[in-house]
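Participant: model the structure of this input:
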Amino acid sequence: MHEYSIAASLLRQAEEHAQKHAASRVVRLEICVGELAGVEVPLLETAWSLVRERSLCGDASLAVRRQPARWECGRCGEPVARGLALRCERCGAPARLVEGDELVLERIEMEVA
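Facilitator: Numbering: from 1, shown residues only. As a prediction, the model looks like this:
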């Protein structure tokens with residue numbers, strides 16, 4: 001279950017930022033998970049609830065924004081529709097993934113004295 005290691009990494013990052021800013025606690029984390037990132041969000045949420053115990057993130061919520069996958073032509077930039085062959089209908093060039101494979105910690109909310 002690599003979601004546990006992802007949750008542990010989120011915890012480390014949040015605690016590093018909290019210590020850098022002398023925060024008393026972390027309130028909320030916001031992340032973006034791409035459709036093709038290979039992350040099972042319910043498992044990540046469960047893992048987060050376990051790793052955050054007895055830390056600065058003990059009560060911190062995890063808000064997940066899901067990012068759909070999007071492709072476009074690598075040559076002419078034309079969008080490539082979902083469910084079709086991953087080739088440009090206009091010029092025939094292979095499509096490239098533009099977004100949808102990311103896993104990004106976007107925001108940390110914390111209490112600072």
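
Participant: need the pLDDT of residue 84.
Facilitator: In this model, residue 84 is scored at 83, pLDDT.

Participant: where's it, which helix or strand?
Facilitator: Taking DSSP states H and E as the definition, residue 84 sits outside all helices and strands.

Participant: do you know how far it is from residue 77?
Facilitator: Applying Cβ to Cβ, to the nearest Å, the value for residue 84 to residue 77 is 16 Å. All C-beta spots, glycine's among them, are computed from the backbone N, C-alpha and C.

Participant: low-confidence ranges, the chain, go.
Facilitator: 1 (pLDDT under 70).

Participant: quick one, strands of it?
Facilitator: Assigned by DSSP state E, the chain shows strands spanning 23-34, 61-67, 70-73, 79-80, 95-99, 103-112.

Participant: what sits closest to residue 46 if chain neighbours are left out?
Facilitator: Nearest residue to residue 46 in three dimensions, chain neighbours excluded: residue 3, at 7.7 Å (Cβ to Cβ, 6 or more residues apart in numbering).
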